[in-house]
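**Q** mind folding the following:
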Amino acid sequence: MAALIHDVLIVGGGPAGTACAAMCARNGLRTLLIERAIFPREKVCGDCLNPGCWPILDRLGVTERVLALPHAPLAELEFIGLRGQSIQLPLGDSAGGEIAVKRSWFDQVLLQRALEDGAVIRAGCTVTACHRRSETSRSGWEVEAGGETFRARMLVAADGRNSSVARLLGLLPGAAKDRVALQTHLPLPENCERKVVLRFLRDGYCGLADVGDGQANLCLVARPQRIEALQTWAVKHFGFPAEQSWRTVTPLARAAIAPTAENLFLVGDAARVVEPFTGEGIFYALASGELAARHLVAELREKNSERGWPAYRREHATLYRGRLWINQLAKQAVLHPRLANLALNAARIHPRALALLTARVVGKAHVRPA
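**A** Here you go, the predicted model:
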């Protein structure tokens, strides 16, 4: 079959890929998005949208659609220590604030937006090969997926921490599997309405969030050798049925990859992994997808050589600068629960420090519009 020709080919239909696809397509770029799953589908994620997401969702034109989904405006964050000691912090006004919504619903809205803006969507299509090609003075890409070969001037990897694109190109770094995450949904426990509850346990970490419609998102994180014990605790504590379905992901962290090379952009976790339960993952996915789209449009439509892939690399670094320490705190809380417990005890005496940390995670972030 003859290769199809596109300006931009995006691999991955999560928030990073769909945000990029929608903004490229609405600005006149011939955009193809390839996604291996069939939507709707769930993802291992805390399901939380922090306030920094709203300006981007406004620019995508989906804010009202997202708010029409079953969701929970989150009003309180509770930390629970090893001995059951607790500290509660308000999350502020829910208008324009933090919410929790299932990824199956949220990602479907974004995929539909990209389709409406003119992107071509190929779902249920797994990428098996990609390589550079050269035609006269232009270099581009050939991608094999679902038994077809697609050609594009620009390639965007938006396919997550275990990116197939990065692996096929020899860019995917090794990662220590020091932690495993399990995630599921369950009926909302009593007294958890509009709350996020973070619990430190001897075997790891448990996070629970109201996601609306009488349901909660439950995440467990532990060392591989302790995850079964943590799962056993959760089944007993929450009274799960024996057939409860879990989703899993590992690794939770790996080294960053340079977000660009010639005619190649990496967005979301494909470039730099954000811990899935810090409340910032979806924000960084949306923000990096929008950022890549801005530079793709500038390079391909406006012929602005100062705004192509080299400029994206600089602005991508600025986007993440000064905030990834939150990821390190989340990691250390799992690897060293007793230290996390001591920190929580100190925060009960000096709650302002914990309030400042929480404000950094859920505070409004500023991203330049496309």
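
**Q** output stretch 268-278 as PDB, nothing but the C-alphas.
**A** The C-alpha trace of stretch 268-278 is given here as PDB (Å, rounded to 0.1, in the frame of the first residue of the first chain):
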ATOM      1  CA  GLY A 268       4.500  14.000  28.300                       C
ATOM      2  CA  ASP A 269       6.100  11.000  30.000                       C
ATOM      3  CA  ALA A 270       7.800   9.900  26.800                       C
ATOM      4  CA  ALA A 271      10.300  12.700  27.500                       C
ATOM      5  CA  ARG A 272      10.300  13.200  31.200                       C
ATOM      6  CA  VAL A 273       8.400  11.000  33.700                       C
ATOM      7  CA  VAL A 274       6.200  12.600  36.300                       C
ATOM      8  CA  GLU A 275       5.100  10.500  39.200                       C
ATOM      9  CA  PRO A 276       1.500   9.500  38.400                       C
ATOM     10  CA  PHE A 277       0.100  10.300  41.900                       C
ATOM     11  CA  THR A 278       1.400  13.800  42.600                       C
END
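
**Q** quick one: it to chain centroid distance?
**A** Distance, stretch centre to chain centre, for stretch 268-278: 6 Å (CA atoms, centre = their mean, to the nearest Å).

**Q** how far away is residue 195 from residue 244?
**A** For residue 195, the distance to residue 244 (CB to CB, to the nearest Å) stands at 21 Å. (Glycine included, C-beta is placed from N, CA and C.)

**Q** no wait, residue 45
**A** Taking CB to CB, one finds residue 45 at 18 Å from residue 244.

**Q** so between those two, which is more surrounded?
**A** residue 45 (23 against 14; other CB atoms under 10 Å).

**Q** so the more buried one makes contact with residue 281?
**A** Yes - the pair residue 45 / residue 281 is scored as a contact, 6.6 Å apart, by CB atoms under 8 Å.

**Q** list the contacts of residue 90.
**A** Counting by CB atoms under 8 Å, 6 or more residues apart in numbering, residue 90 touches 75, 76, 77.

**Q** give me the beta-bridge partners of the second one?
**A** In other words, residue 76. According to DSSP bridges, the residues that bridge with residue 76 are residue 90, residue 195.

**Q** in this structure it contacts residue 196, no?
**A** Yes - under the criterion of CB under 8 Å, residue 76 makes contact with residue 196 at 7.4 Å.

**Q** which residues do these two both contact?
**A** residue 91.

**Q** for the two, indicate the residue with more neighbours.
**A** For residue 76 versus residue 196, neighbours defined as other CB under 10 Å are more numerous around residue 196 (29 against 15).

**Q** need the pLDDT of the more buried one.
**A** pLDDT, residue 196: 90.

**Q** how near is it to residue 218?
**A** In terms of CB to CB, residue 196 sits 11 Å off from residue 218.

**Q** where do the contact lists of these two overlap?
**A** With CB under 8 Å, 6+ apart, residue 196 and residue 218 have common neighbours 207, 208.
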